[in-house]
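**Q** pasting a predicted model and its sequence here:
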Amino acid sequence: MTQQLRLMAVHAHPDDESSKGAATMAKYVSEGVDVLVVTCTGGERGSILNPKLQGDAYIEEHIHEVRKKEMDEAREILGVKQEWLGFVDSGLPEGDPLPPLPEGCFALEDDETAAGRLVAKIRAFRPQVITTYDENGGYPHPDHIKTHTISMIAFEAAADTERFPEAEFGPAWQPQKLYYNQGFNRPRTVALHEALLARGLESPYGDWLERWKEFGRAERTLTTHVPCDDFFEIRDKALIAHATQIDPDGGWFRVPMDVQREVWPTEEYELAKSLVATSLPESDLFAGIRDNA
């Protein structure tokens, strides 16, 4: 049965797949589910965030090739398949006022044209379940917001042969469920923060929680909690593979594994679209689908 189950995770940049839903994907791979990561851009304009690699002339000159190699390593660790949509990273604009986005970048692509590439991937892979970002992109990076936009179009349009003809985009296919990644949610952050303080340990989440208050970030509806703590080490190993983006000594890895497993052993999702009957809350992205697989 599980050989028929297929999960597609749509992400903006290489490294996003390892920081959002990675343990969930590794869990499903271990169960025989076919998992494909679709990466919209090459991460060409991403900053080098690992202080140990900053100033490396080779990395700065060959960032696209370096990030592709990092993605290859993370893919092997997670056990997933991975394909590129082939768009160019928009970068994260900073300043007041914000500068214009660079010409030719992903965020400036026509929505319908960009969604067409994703439609072709969906029709070729035929996933029952797709994961992506919410309308805010998880955070307001222009590429994350664009990823949301084309994912929503493609979920509906993959079955529409008038909008995207089969001759060009492949035989029609209708995914059954679409989820937003919501791993960075306030309840999880508060629970881990309080657990660390109660144990007399330093928490990396104090500033996060203050920023949540400052920006008045709205609470999301967490419909689905996938138990996946047996795969937290694989998640971390995949994330560390993106060496230009992650400091292995940074805040990502300051919560002891035993605390994570005890306090919050799941990854969270928000069910945005479902064409099958399901009962909330869920513990499985394939709830309502498995019995008919």
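**A** On my side now, so go ahead.
**Q** from here on, contacts and neighbour counts on C-alpha atoms
**A** Will do.
**Q** what about the strands in the stretch 1-150 of the chain?
**A** 6-11, 34-41, 81-87, 129-132 (DSSP state E, counting those that start in this stretch).
**Q** for A167, find the nearest of these.
**A** Nearest to A167, of all those, is strand 81-87, at 19.2 Å by CA to CA.
**Q** give me the angle between that closest one and strand 34-41.
**A** Relative orientation of strand 81-87 versus strand 34-41 (axes from the mean of the first three to the mean of the last three CA atoms, to 10 degrees): 20 degrees.
**Q** any chance of the strands of the stretch 1-150 of the chain in a markdown table, with mean pLDDT and distance to D284 too?
**A** A markdown table is the format used below for those (pLDDT from 0 to 100; distance: least, CA to CA, whole Å):
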| stretch | mean pLDDT | distance to D284 |
| --- | --- | --- |
| strand 6-11 | 98 | 12 |
| strand 34-41 | 98 | 15 |
| strand 81-87 | 98 | 20 |
| strand 129-132 | 98 | 11 |
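**Q** can you lay out these as TSV showing distance to H225 and mean neighbour count?
**A** Output for the strands of the stretch 1-150 of the chain, formatted as TSV (distance: least, CA to CA, whole Å; neighbours: other CA atoms under 10 Å):
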stretch	distance to H225	mean neighbour count
strand 6-11	16	25
strand 34-41	18	24
strand 81-87	23	17
strand 129-132	14	26
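**Q** can you put these in CSV and add distance to C228?
**A** Compiled in CSV, those are given as follows (distance: least, CA to CA, whole Å):
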stretch, distance to C228
strand 6-11, 16
strand 34-41, 15
strand 81-87, 19
strand 129-132, 16
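**Q** with respect to Q182, which of those lies nearest?
**A** Distance to Q182, taken as CA to CA, is lowest for strand 129-132 among the strands of the stretch 1-150 of the chain, at 9.6 Å.
**Q** coming back round to it: out of the strands of the stretch 1-150 of the chain, which gets nearest to E103?
**A** Short answer: strand 81-87, nearest of the strands of the stretch 1-150 of the chain by CA to CA, at 11.9 Å.
**Q** pairing partners for that closest one, with directions?
**A** Using DSSP bridges, the strands paired with strand 81-87 are strand 34-41 (parallel).
**Q** contacting residues around the strand it pairs with?
**A** When contacts are defined by CA atoms under 8 Å, 6 or more residues apart in numbering, strand 34-41 is touched by residues 3-14, 17, 25, 28-29, 80-89, 106, 125, 147.
**Q** angle of that strand against strand 6-11?
**A** 20 degrees.
**Q** neighbours around H141, how many?
**A** Applying other CA atoms under 10 Å, we find 17 other residues in the vicinity of H141.
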